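Enquirer: sharing a model that was predicted from the sequence below.
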Amino acid sequence: MKPCFPSVPFEGVSESPVKYWLHEYRDTTLDFTGSQKTALSRLLPLLVCGEQSSQWVFYNESQRELPESLASARDDFERIVADEQYHEDALELVQSQLELPEDVVAIKRRSQRFFASLGSRKTFEEYFAQIACLDALVCKIMLYLEKGRLDPHHPFVLLCRSIKQDEARHVTAARQHALALGYDRSEWKALNTLISEKLYKLLNSEREAFEELGITIEHIFDSRGS
């Protein structure tokens with residue numbers, strides 16, 4: 001199936017825990033109930049689309065001419081691209097064991113529109129502030145998938161935990177880069193609210209799938225949750 005976004009012209013290496021998850025479970029048939037398979041078949045296209053988009057964000061910034069004071073970030077961004085490639089590979093491995101929903105193209109288009117809209121910001125610093133806000137929410141999605149109805153030792157739960165660990169580092173990198181580029185800290189709260197509202201709209205289209213996995217999507221956006 002055609003991806004949401006084409007592959008970046010770069011193949012990196014990192015020490016992502018997802019790389020080791022792939023080594024452990026690449027040839028494993030994962031056990032899900034029928035309703036869990038249906039739910040995941042609807043959510044995984046959204047997650048994979050996000051991983052593909054993120055690769056372009058960090059790849060493009062690694063290729064952009066940066067001030068000397070920020071040049072060291074280039075290596076960090078290349079490692080993040082590699083992390084995201086492992087995430088995409090692992091999520092697609094799970095997806096390959098599920099039957100695609102009939103409206104998968106519509107699901108992917110909604111996701112494409114959401115991620116493409118993030119690229120319309122006026123400045124690089126605002127763009128990376130958005131990415132930091134979004135990746136923080138991805139961490140919470142993975143946390144609630146981890147805490148959902150699947151057994152805590154289920155391979156998919158272990159995958160979500162590993163992705164969450166990587167995304168937490170990505171939040172820090174994106175936030176630091178946004179601030180280094182000059183983003184105004186006082187605008188952070190309003191931007192986070194905006195990104196949360198947009199992501200809520202996207203995820204709410206698959207509310208039933210989240211609920212089947214034991215997740216109430218409002219909890220993802222509750223600043224008190226963890």
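Expert: Nice, thanks for sending it over.

Enquirer: for the residue lying closest to residue 152 once chain neighbours are set aside, give me its contacts.
Expert: Distances taken as Cβ to Cβ, 6 or more residues apart in numbering place residue 146 nearest to residue 152, at 7.7 Å, with adjacent residues excluded. Where you see a C-beta, it was placed from the backbone N, CA and C, and this is true even at glycine. For residue 146, the contact set (Cβ atoms under 8 Å, 6 or more residues apart in numbering) comprises 152, 157, 160, 161, 164.

Enquirer: ok, and the most crowded of those?
Expert: residue 160 (23 neighbours; other Cβ atoms under 10 Å).

Enquirer: so that residue is in which element?
Expert: Assigned by DSSP states H and E, residue 160 belongs to helix 155-180.

Enquirer: show the average pLDDT along that helix.
Expert: Mean pLDDT, computed over helix 155-180, is 97.

Enquirer: tell me the buried residues in that helix?
Expert: Buried residues in helix 155-180, counted by 16 or more other Cβ atoms under 10 Å: 155-164, 166-167, 169-171, 173-175, 177-179.

Enquirer: distance from the chain centre to it, please.
Expert: When C-alpha coordinates are averaged (Cα atoms, centre = their mean, to the nearest Å), helix 155-180 and its chain have centres 9 Å apart.

Enquirer: and if you look at stretch 22-36?
Expert: With Cα atoms, centre = their mean, you get 20 Å for stretch 22-36.

Enquirer: for stretch 182-199, output the C-alpha coordinates as PDB.
Expert: The C-alpha trace of stretch 182-199 is given here as PDB (Å, rounded to 0.1, in the frame of the first residue of the first chain):
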ATOM      1  CA  GLY A 182      14.400  31.700  19.300                       C
ATOM      2  CA  TYR A 183      10.900  30.400  20.100                       C
ATOM      3  CA  ASP A 184       9.200  32.400  22.800                       C
ATOM      4  CA  ARG A 185       8.500  30.300  25.900                       C
ATOM      5  CA  SER A 186       5.500  32.400  26.800                       C
ATOM      6  CA  GLU A 187       3.700  31.100  23.700                       C
ATOM      7  CA  TRP A 188       4.200  27.500  24.500                       C
ATOM      8  CA  LYS A 189       1.000  26.900  26.500                       C
ATOM      9  CA  ALA A 190      -1.200  28.400  23.700                       C
ATOM     10  CA  LEU A 191       0.600  26.300  21.000                       C
ATOM     11  CA  ASN A 192       0.200  23.100  23.000                       C
ATOM     12  CA  THR A 193      -3.500  23.800  23.400                       C
ATOM     13  CA  LEU A 194      -3.800  24.300  19.600                       C
ATOM     14  CA  ILE A 195      -1.900  21.100  18.800                       C
ATOM     15  CA  SER A 196      -3.900  19.200  21.300                       C
ATOM     16  CA  GLU A 197      -7.200  20.300  19.800                       C
ATOM     17  CA  LYS A 198      -6.100  19.300  16.300                       C
ATOM     18  CA  LEU A 199      -4.800  15.900  17.400                       C
END
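
Enquirer: surely residue 170 touches residue 136?
Expert: No. Residue 170 lies out of contact with residue 136 (Cβ atoms under 8 Å); the separation is 9.2 Å.

Enquirer: after the helix holding residue 160 comes which helix or strand?
Expert: helix 188-204.

Enquirer: pretty sure residue 117 sits against residue 199.
Expert: No. Under the criterion of Cβ under 8 Å, residue 117 makes no contact with residue 199, lying 10.9 Å away.
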